[in-house]
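Student: Please find the sequence and the predicted model below.
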Amino acid sequence: MKITDTSDLWWKSAVIYCLDVETYLDSDGDGIGDFTGLARRIDYLADLGVTCLWLMPFYPTPDRDDGYDISDFYGVDPRLGSHGDVVEVIRTAHDRGMRVIVDLVVNHTSDAHPWFVSARRSRNSPYRDFYVWRDEPPRHQQPTVFPGEEATVWELDERSGQYFQHVFYKHQPDLNIANPRVRDEIAKTIGFWLALGVNGFRIDAVPFLIEPPEGVDLGDPHELLRDIKRFLQRRVGDAALLGEVNLPFAEQLDFFGGPRGGELDLQFDFVSMQALYLSLARSDPAPLADALRSRPVIPSEATWANFVRNHDELTLDKLSDAEREEVFEAFAPDEAQRVYGRGITRRLPPMLAGDPRRVRMVYSLMFSLPGTPVLFYGEEIGMGENPEITGRQAVRTPMQWSDERNGGFSTAPPSRLVAPPPSDGYAPAHVNVRQQRTDDDSLLLFIRRLIGRYRASPEIGWGSLEILDHDAAGVLAHAVDSELGRMILLHNFTDAPVALRLDIGAQEEGTRLIDLDRPERVPVGAERRIDVELPAYGHRWLRVSPPGDTRIG
Ligand code: GLC
């Protein structure tokens, strides 16, 4: 595809920032973050360089799965604000050049959703067929997503005498996508939020969503996703779909719609994320390099969403048992830091023993891989989890704005906060925005510079990836290439400085190499080889600058 304007497919080089309104900023002192609070932080986010906000579920909810249990797809949780407040946030974000995507959680509803309340009232309810019912659970049952918390995915509804399906919690009955009325509601929900100005959706649990109920043949299940994408595009041409698809690469390709596209625009790269932690545990980039090499070729309009942490457990389900054990031992030695037998409930800096060199190397790497980086709120200042909270909630503590009470998140008495901030070395007294914004050596300013650099280097988002061979085992060297240019990116996974010799390929006479951290431009000799040094956990971004290149950096 000829690249004319990189903003045409904005999601290929966006900087996405995920936040939960509930834990971001509380404007009215009730202990719960709200849209009015978020509106006051839009300038902070724009200043950071974020180009797209991802708002986690803010819909009415009994809040038994942190808002992923929704009781009205068209509503706003009154604790967080009103539709008017949502529109104000969207408008303000747009004014600052930021797009907004929202969570679309339509695999299931809350059991408090009026559809389900009606459905379970009687077998004749007009909403009965919105859900999946069976007289007996099928013989082949899929395993629950939450082992230890749920035993099965079928729950007996005593009153109507049938079982309903729930791949997540039993209070989250699965919607029946074989029912055309359910599909209409999904489309209407999308249409509704688009009409309020959102620019796309992060679709929750996509493989579960499109899977037809046991024994029902709907033809190709991907047709549902293609329908959603077509509908979206008819309504708003450049709206995007970011999907949560934690599957092996080959299957992920299908969720992009195969090589020709037409389904999801972005998918999280769970495979490389998990390999990254194995690489970190071993101080050896090889597992990550292998994962990156096996990334399938995806449609040119689509891209990977690169992330190192999110709001869920750090899942390690794609590693072998032995590999997972290695990562557990390195980063979650205490059983209480693990969950579901597959994941870690910590944020990145505590896992890396707070070593700023290592933390920065990881973020530099995340921003240097083809795709779009996704930050989870608080990562920009190096927030830690609250180790006193068990399970996935440990990483969902309030944003730490200052060293004041409650980290400046809320003026409520601490006992009324939606979640307690950590009280260890990662407490707001030690880790907060106010302190870091004036400290040139802070992680916050490092991430801000990194974002600026990523935004000035669209060849990363648009580029193809090449892992470069060389002789320094602890270093990952990769190149990104597109008609926008070529860059070479180096990351040292070890705690020792290293020197390496790299073959950067044939270059035009007069080509120079620009280290984005340094002013000088180094001519590239005819022999194609360069010698580079990296400090312990160092990272370097080199731009291959052809003769006549007018870029400053
Ligand atoms: C997704 C969300 C997770 C939620 C689940 C059920 O995996 O990321 O937080 O619990 O879906 O909606």
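Tutor: Yes, it's here.
Student: Confirm residue 447 sits in a helix?
Tutor: Yes: Residue 447: assigned to a helix according to DSSP: H, G, I helix; E, B strand; the rest coil.
Student: Can you tell me the closest non-neighbouring residue to the residue in the stretch 401-550 of the chain positioned nearest to the ligand?
Tutor: Across the stretch 401-550 of the chain, the shortest distance to the ligand (C-beta to the nearest ligand atom) belongs to residue 419, at 14.7 Å. No exception for glycine: its C-beta is placed from N, CA and C like everyone else's. If the residues on either side of it in the chain are set aside, residue 419 comes closest to residue 397, at 4.9 Å by C-beta to C-beta, 6 or more residues apart in numbering.
Student: measure that neighbour to residue 420 for me?
Tutor: According to C-beta to C-beta, to the nearest Å, residue 397 stands 7 Å off from residue 420.
Student: Pull the residues that contact stretch 189-199.
Tutor: 52, 73-74, 83, 86-87, 90-91, 94, 99-102, 104, 106, 201, 228, 231-232, 235-236, 238-240 (C-beta atoms under 8 Å, 6 or more residues apart in numbering).
Student: One more pass at 10 Å, please.
Tutor: Applying C-beta atoms under 10 Å, 6 or more residues apart in numbering, the set of residues contacting stretch 189-199 from outside is 10-11, 14, 52-53, 55, 59, 70, 73-74, 83, 86-87, 89-91, 93-94, 98-102, 104-106, 200-201, 203, 228, 231-232, 234-236, 238-241.
Student: near the ligand, from the residues you listed?
Tutor: Of the entries in the contacts of stretch 189-199, the ones placed beside the ligand under the rule of C-beta under 6 Å from any ligand atom are residue 105.
Student: Domain-wise, how is this protein divided?
Tutor: Structural domains assigned to the chain are 7-107+177-455, 114-165, 463-545, following automatic domain parsing.
Student: The ones you listed: which one's closest to residue 171?
Tutor: With C-beta to C-beta, the closest approach to residue 171 among the domains of the chain belongs to domain 7-107+177-455: 5.3 Å.
Student: and the closest one, average pLDDT?
Tutor: Mean pLDDT, domain 7-107+177-455: 97.
Student: again with stretch 156-163
Tutor: So the average pLDDT for stretch 156-163 ends up being 96.
Student: Endpoints of that stretch, how far apart?
Tutor: Distance between the two ends of stretch 156-163: 4 Å, counting by C-alpha to C-alpha, to the nearest Å.
Student: what touches both of residue 397 and residue 420?
Tutor: Taking C-beta under 10 Å, 6+ apart as the contact rule, residue 397 and residue 420 both touch 386, 389.
Student: Same drill for the two, tell me which one is more crowded.
Tutor: The neighbour comparison of residue 397 against residue 420 (other C-beta atoms under 10 Å) goes to residue 397, with 25 against 14.
Student: doesn't the more buried one fall inside a strand?
Tutor: No: secondary structure assignment places residue 397 outside any strand; it is coil (three-state DSSP).
Student: from the chain's centre, how far out does stretch 204-220 sit?
Tutor: Using C-alpha atoms, centre = their mean, to the nearest Å, the mean C-alpha position of stretch 204-220 is found 23 Å from that of the whole chain.
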